[in-house]
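In: Here's my sequence, what's the structure:
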Amino acid sequence: MLGLQLEKLKSILADFPPQIKTFLIRSFILFVVWKGLYLLLWSEKRTLDDPLTQIVAKHSVWVLNQITPGNTFTAKPMIAVKNFEGEIQVSRVSRIDRNGKPIMNIADECNGLELFVLYFGFLLAMPAVIKRKIWFGLCGILIIHAVNILRCVGLGLLLMNWDTYFDIAHHYIFKIMVYSTIFILWVVFSKNLSFSTPKNEAV
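Out: Reported below is the predicted structural model:
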């Protein structure tokens, strides 16, 4: 039975266009390499997450200070403790305060790292020249970071003024906004993309 399923899978893969097979293989390899490096080297020590989470908080605070005169927003690293389904969870976050009072926490899950990897991983897997990948990668990451900052600022404003809408915005509206941005960036990158790579160009 298993052999039959494997033969079907091989048959399906054999019918894929070469460009699609290359994309899928590259995507799989990149995913395995990223997860391996992240879990083995960076996850527990928060080597990437800690500075990025603090940057997101500081940039969000800067925007909030610009658009809400009369308030003083600050950000500082904290240890958050919460009870989730009867289990105590401890995590490091960057807390945003307004006039010395806590407003919200920015956790590692909200720092945009996975979004950067998702976006840039797609670019690396595509059969395009290196210069194009690097240019779109850097510009795209800056745009995604800016959108993520706007998302955090929007969530902060909702908590301060219309907290009833926080959950739906946090779980749905702002996620749609961020992923739509990534999708549009992918579309722009793929537009007029030549799938035949010159011999003297690396991919």
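
In: And the helices in the protein?
Out: 2-14, 18-37, 49-67, 113-125, 130-161, 166-168, 174-190 (DSSP state H).

In: looking at those, which one has the lowest mean pLDDT?
Out: Least confidently modelled of those is helix 2-14, at a mean of 66 by mean pLDDT.

In: can you pull the contacts of the residue sitting nearest the centre point of the chain?
Out: Centroid-nearest residue in the chain: residue 115, 1.5 Å away (criterion: C-alpha atoms, centre = their mean). With contact set as C-beta atoms under 8 Å, 6 or more residues apart in numbering, residue 115 has these partners: 144, 148, 178, 182. Any C-beta I mention is one placed from the backbone N, CA and C, and that applies to glycine too.

In: Can you give me the distance of residue 26 to residue 68?
Out: Distance of residue 26 to residue 68, computed by C-beta to C-beta, to the nearest Å: 45 Å.

In: nope, residue 18 is what I was after
Out: Between residue 18 and residue 68 the distance is 54 Å, computed by C-beta to C-beta.

In: and what of residue 61?
Out: From residue 61 to residue 68 the distance is 11 Å (C-beta to C-beta).

In: Reformat the helices of the chain as CSV; add distance to residue 106.
Out: As requested, the helices of the chain are exported to CSV (distance: least, C-beta to C-beta, whole Å):
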stretch, distance to residue 106
helix 2-14, 42
helix 18-37, 22
helix 49-67, 5
helix 113-125, 12
helix 130-161, 6
helix 166-168, 14
helix 174-190, 13
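
In: count of neighbours near residue 139?
Out: Other residues within reach of residue 139, judged by other C-beta atoms under 10 Å, total 13.

In: And residue 163, by the same measure?
Out: Neighbours around residue 163, by other C-beta under 10 Å: 9.

In: For it, give me its contacts.
Out: Under the criterion of C-beta under 8 Å, 6+ apart, residue 163 has no contact partners.

In: Could you check the pLDDT of it?
Out: Per-residue confidence for residue 163 comes out at a pLDDT of 88.

In: among the contacts of residue 115, who's most crowded?
Out: Of all those, residue 148 has the most neighbours under the rule other C-beta under 10 Å, reaching 23 neighbours.
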